[in-house]
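In: Sharing a model prediction with you, sequence too.
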Amino acid sequence: MQQARSFLALPRLRITACLLLWSVGGAISNGQPPPSAPWLTFGNGPTHSGFSPVTLGNLPISDGWSKAFPVAINQVAAAGGQVVLTTNQYFQPGMLALALDAATGNEIWRYPLGSALSISGATISDGKIFFSSCRILDDKRTPAGSFIFVLDSLSGKLVRQIPFETQAGTIRGPTVSGDSIWIPAGYFGGLGGFSLADGSQHFVTPLEMADDWTPTYDGKALYACINGVFTAVDPTTGTRLWTLDFRRPMEILVFAAQPIVANNKAFLISFGRLDQDSGGSVLLTAIDLTTQRSYGASPTPTIIPAAFRFMATPEFPPVTATLSTRSQVRRCIRSTQLPANHAAFIRRMAIRS
């Protein structure tokens with residue numbers, strides 16, 4: 001028996017929700033709607049792994065309803081028959097949080113916000129909606145500060161507003177687990193932990209300032225990666241547990257890379273330069289959270305043919321190879337004598353590119 005689920009596609013200014021019906025052997029079962037699965041935040045949870053425990057059926061995907069917006073919207077979250085979103089139009093009036101009926105697209109409630117440098121995407125947890133604002137202005141365009149907003153998911157009414165300091169905005173929703181919430185915070189950059197029970201600040205761990213990231217949490221530690229430096233932080237005290245600078249010699253990585261955690265490994269995509277004289281590069285890195293070691297592959301500045309560089313480890317030297325065909329991938333793997341798991345990693349990356 002196969003199950004189908006609601007499917008959300010998210011262009012920049014448009015939400016499209018597509019409903020698939022429950023299917024058994026490719027046939028519709030009694031015209032009953034499919035079981036739905038929530039999508040609670042960016043990556044569907046604190047690890048941001050993007051996993052949802054449902055199976056798509058074999059029926060074609062078609063539009064159920066669509067709703068256009070005249071301004072930019074952030075990532076959405078969906079649960080309990082609602083799709084929740086925030087708008088993000090950089091110091092323009094009319095910014096808001098909005099809940100839509102997941103079945104029809106009709107508006108359920110809206111919560112108006114003053115203009116701000118940025119409003120984050122939404123996170124849903126325990127019947128509440130969470131998002132953060134950076135440098136929000138009131139109705140008279142007077143600076144009011146930066147806040148975490150907590151709304152009731154059914155009514156859209158404000159439950160709590162938690163102040164914090166920041167100069168950097170993010171489009172990612174806050175990371176929530178139990179009675180704790182974690183966000184990018186700190187006037188000069190950092191990772192902040194707050195209590196949802198009373199709104200108190202647990203800690204702010206200083207990090208370099210960067211936009212558009214959210215902490216990743218796997219039940220043991222919080223993770224952040226900025227400018228090529230990966231940091232693990234204690235979720236209760238904010239103490240740095242360990243750091244890993246995975247930049248290679250002469251490599252410059254910029255901005256925040258969003259950690260995605262699965263199977264005790266963190267995966268990141270970083271942007272920067274392979275060296276001071278080359279153009280931009282994109283580096284995909286995997287970090288073993290037990291051994292605290294990294295490996296990965298990156299395209300060179302040229303787009304075609306695709307080229308990959310395998311990160312050095314003490315046992316294996318750096319490998320750079322131009323991989324434009326599958327046969328070249330195989331020759332590269334044979335000639336470099338990479339271990340099987342690393343060879344498979346490069347093969348997958350080259351073929352997907």
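Out: Noted; the coordinates are in hand.

In: contacting residues for Ile108?
Out: Under the criterion of C-beta atoms under 8 Å, 6 or more residues apart in numbering, the neighbours of Ile108 are 82, 99-101, 156. For the C-beta atoms, the positions are set from N, CA and C on the backbone; glycine is no exception.

In: how about a cut-off of 10 Å?
Out: Applying C-beta atoms under 10 Å, 6 or more residues apart in numbering, we find Ile108 in contact with 81-84, 98-102, 153-156.

In: Also Leu191?
Out: By C-beta under 10 Å, 6+ apart, the residues touching Leu191 are 175, 182-185, 203-207, 213-215, 222-224, 226, 231, 233, 235, 238, 240.

In: and if you look at Gly121?
Out: Contacts for Gly121 (C-beta under 10 Å, 6+ apart) come out as 41-42, 73-77, 84-86, 88, 130-132, 170-174, 214.

In: cool, Pro174 as well?
Out: The neighbours of Pro174, taking C-beta under 10 Å, 6+ apart as the test, are 41-42, 46, 120-123, 125, 130-132, 148-150, 181-184, 192, 194, 214-215.

In: Give the burial count for Glu107, as a bare number.
Out: Using other C-beta atoms under 10 Å, Glu107 is surrounded by 11 other residues.

In: what's the average pLDDT for stretch 165-173?
Out: Across stretch 165-173, pLDDT averages out at 88.

In: Over to stretch 133-152?
Out: Mean pLDDT, computed over stretch 133-152, is 81.

In: Just the endpoints, please. Distance across it?
Out: Using C-alpha to C-alpha, to the nearest Å, the end-to-end distance of stretch 133-152 comes out at 17 Å.

In: Give me the below-cutoff pLDDT ranges for the stretch 101-250 of the chain.
Out: Judged against pLDDT under 70, the low-scoring parts of the stretch 101-250 of the chain cover residues 138-143.

In: got the residue ranges for the strands in it?
Out: With strands called from DSSP state E, counting those that start in this stretch, the stretch 101-250 of the chain shows them at 107-112, 116-119, 123-125, 128-137, 143-152, 158-164, 175-177, 180-184, 190-195, 201-206, 216-217, 222-226, 229-233, 240-245.

In: follow-up on the earlier one: what subset of the contacts of Leu191 is buried?
Out: Applying a neighbour-count criterion of 16 or more other C-beta atoms under 10 Å, the buried members of the contacts of Leu191 are 175, 182-185, 203-205, 207, 213-215, 222-224, 226, 231, 233, 235, 238.

In: Can you show me the helices along the stretch 201-350 of the chain?
Out: Taking DSSP state H, counting those that start in this stretch, the helices of the stretch 201-350 of the chain run over residues 326-336, 340-352.

In: what's the neighbour count on Phe255?
Out: Around Phe255 there are 16 other residues, counting by other C-beta under 10 Å.

In: how much space between it and Val229?
Out: 12 Å (C-beta to C-beta, to the nearest Å).

In: do Asp152 as well
Out: Counting by C-beta to C-beta - Asp152 and Val229 are separated by 38 Å.

In: Pretty sure Gly43 sits in a helix.
Out: Yes - counting by DSSP: H, G, I helix; E, B strand; the rest coil, Gly43 is found in a helix.

In: Run through the bridge partners of Ile252.
Out: Legend: beta-bridge partners of Ile252 under DSSP bridges are Arg273.

In: now the one 4 residues further on
Out: Per DSSP bridges, the residues bridged to Ala256 are Ile226.

In: Does it touch Phe230 like I think?
Out: No - judged on C-beta atoms under 10 Å, Ala256 makes no contact with Phe230 at a distance of 11.0 Å.

In: Need the residues touching each of these two.
Out: With C-beta under 10 Å, 6+ apart as the test, Ala256 and Phe230 both reach 224, 268, 270.

In: Enumerate every residue touching the last one.
Out: The reference is to Ser270. Contacts for Ser270 (C-beta under 10 Å, 6+ apart) come out as 225-228, 230, 246-247, 251, 253-258, 281-285, 296, 298.

In: The same query, at a cut-off of 7 Å, please.
Out: Taking C-beta atoms under 7 Å, 6 or more residues apart in numbering as the contact definition, Ser270 lies against 228, 253, 257, 283, 285.

In: repeat for Pro53
Out: Residues near Pro53 by C-beta under 7 Å, 6+ apart: Ala37.
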